[in-house]
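Student: below: sequence and its predicted model.
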Amino acid sequence: MQACARSHHFTFYLLDGFALHGFSAALEALRLANDVAGRPVYGWHFVTADGLPAVSSCGTRIAAAGRLSDERGRFHRSGEPGFAVVCGSRTKPPADRALEAWLRSIARSNARLAGLAGGVYCLARAGLLDERRCAIHWEHFPDFSERFFIAGARQTAFEVDGGIYTCAGGNAPFDMFLRIIEADLGRDVTNRICEAALCERLRETGERQRLPLQARLGIDNPLLIRIIERMEANLAEPVKLADMSPATGLSRRQMERLFRKEMGRTPARYYLDLRLERAHLLLLTSSLPVIEIAVACGFSTASHFSRTYRERYGLTPQRTRLAEMERLRAGSDRKAAMAELRVA
């Protein structure tokens, strides 16, 4: 445990299978701030549900300073507002009433809160993201936005709304924590941290998390990019190709030729694949009924969706979900075995 003024102390709550990448990015930003400042400005300690070492998604173990029940009341007793960070991963964490109650208690003490990757779900379940901007990983976004429609979910790298900080994961925690450090210590300190970390650019709040279409798809035709952006923005209620033509200045036939040349398929096929990819993601990451997923992806009937999905993926939607449940169950069994080894 690193000691410092309580107002600059961070409590990292590590969820089962947390992503080491995002966690270490946040921690390294704080460590570098201490190095640059030449004094222990920031301190931290790690907490797990049971006080046992946390195991990351890659199997690395992190020793915990205590368990969740030991933390209750700590923020109120300290007399100084602290900072609690819930570290998750690319998988959606299960509901945890004890954790959610703790987070609400912290919020009432005027402490700041942060969620990294799947940890954002915990803040949302605690009701702390209602009518607040929050950054959600693009893989989680379809499920999250359906579940927590009152939250202002965005597919950005990180967001700050009041005392709530949310981050999509990956490298973004480094940027988000540098913004925290900048508010405390100034731009000169964060610039020196960036130089030490070989970070040539610091992202701003609200910046995109995914590569631009031009880089992601390897295309540079501005008309094609505009059409695909409109397709991606209208998956639940697909836009007719004829309605896209006036905005691009292309005829239906010109659009067909453009897609075949650049994307290797017709615009209708490309649009359908986008909707099926979104449906596949929802099947893997959400518990929404199949009919609701079908509607959310622009299919009028479950039978049409199921038939089209099977042609694309070789499995029915139900079988896809079952296979994912079996995969997660096998992973849980392995983690339980590792937990027994930790106790032993």
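Tutor: It's in.
Student: go ahead and confirm Pro173 touches Leu20.
Tutor: No - using Cβ atoms under 8 Å, Pro173 is not in contact with Leu20, being 11.3 Å away. Where C-beta positions appear, they are placed from N, C-alpha and C, glycine not excepted.
Student: which one of the two is surrounded by more residues?
Tutor: More crowded of Pro173 and Leu20, by other Cβ atoms under 10 Å: Pro173, with 29 against 19.
Student: report the buried residues of the host helix or strand of that one.
Tutor: Remark: Pro173 resides in helix 172-185, with elements defined by DSSP states H and E. By neighbour count on 16 or more other Cβ atoms under 10 Å, the buried set for helix 172-185 is Ala172, Pro173, Phe174, Asp175, Met176, Phe177, Leu178, Arg179, Ile180, Ile181, Glu182, Leu185.
Student: state the number of residues packed around Ala215.
Tutor: 10.
Student: correction: the previous question concerned Leu103.
Tutor: 24.
Student: name the element it belongs to?
Tutor: Leu103 belongs to helix 97-108, assigned by DSSP H and E.
Student: pull the helix or strand with minimum mean pLDDT from this protein.
Tutor: Each helix and strand of the chain was given a mean pLDDT (mean pLDDT, DSSP states H and E); the minimum falls on helix 74-78 at a mean of 61.
Student: for the helix or strand following it, give me every contacting residue.
Tutor: Counting by DSSP H and E, the next helix or strand C-terminal to helix 74-78 is strand 83-87. Contact partners of strand 83-87, identified using Cβ atoms under 8 Å, 6 or more residues apart in numbering, comprise 8-15, 18-19, 22-23, 26, 75, 99, 103, 106, 111-117, 119-120, 122-123, 180.
Student: quickly run through the sheet partners of strand 83-87, with directions.
Tutor: Strand 83-87 pairs in its sheet with strand 9-14 (parallel), strand 112-116 (parallel), by DSSP bridges.
Student: picking up where we left off before, what helices or strands is the helix holding Leu103 leaning on?
Tutor: helix 68-71, helix 74-78, strand 83-87, strand 112-116, helix 119-125 (3 or more Cβ pairs under 8 Å, 6 or more residues apart in numbering; DSSP states H and E).
Student: neighbours of Val189, how many?
Tutor: Neighbours of Val189 (other Cβ under 10 Å): 18.
Student: so which helix or strand takes in it?
Tutor: Short version, using DSSP H and E: Val189 is in helix 187-196.
Student: repeat that for Val160.
Tutor: Going by DSSP H and E, Val160 is part of strand 158-161.
Student: using PDB, write out the CA atom coordinates for that strand.
Tutor: Provided in PDB are the C-alpha atoms of strand 158-161 (Å, rounded to 0.1, in the frame of the first residue of the first chain):
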ATOM      1  CA  PHE A 158     -13.200   8.000 -21.700                       C
ATOM      2  CA  GLU A 159     -15.800  10.400 -20.200                       C
ATOM      3  CA  VAL A 160     -15.900  12.600 -17.100                       C
ATOM      4  CA  ASP A 161     -19.200  13.700 -15.700                       C
END
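Student: quick check: buried residues in that strand?
Tutor: Phe158, Glu159, Val160, Asp161.
Student: redo those residues as a markdown table? Include distance to Val239 and pLDDT.
Tutor: Formatted as a markdown table, the buried residues of strand 158-161 follow (distance: Cβ to Cβ, whole Å; pLDDT from 0 to 100):
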| residue | distance to Val239 | pLDDT |
| --- | --- | --- |
| Phe158 | 31 | 95 |
| Glu159 | 28 | 96 |
| Val160 | 34 | 95 |
| Asp161 | 31 | 94 |
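Student: nearest to Leu250 among those residues?
Tutor: If you rank the buried residues of strand 158-161 by distance to Leu250 using Cβ to Cβ, Glu159 comes first, at 36.1 Å.
Student: the spatially closest residue to Glu146 that is not a sequence neighbour: what secondary structure?
Tutor: Nearest non-adjacent residue to Glu146, counting by Cβ to Cβ, 6 or more residues apart in numbering: Leu288, 6.0 Å away. Counting by DSSP: H, G, I helix; E, B strand; the rest coil, the backbone at Leu288 sits in coil.
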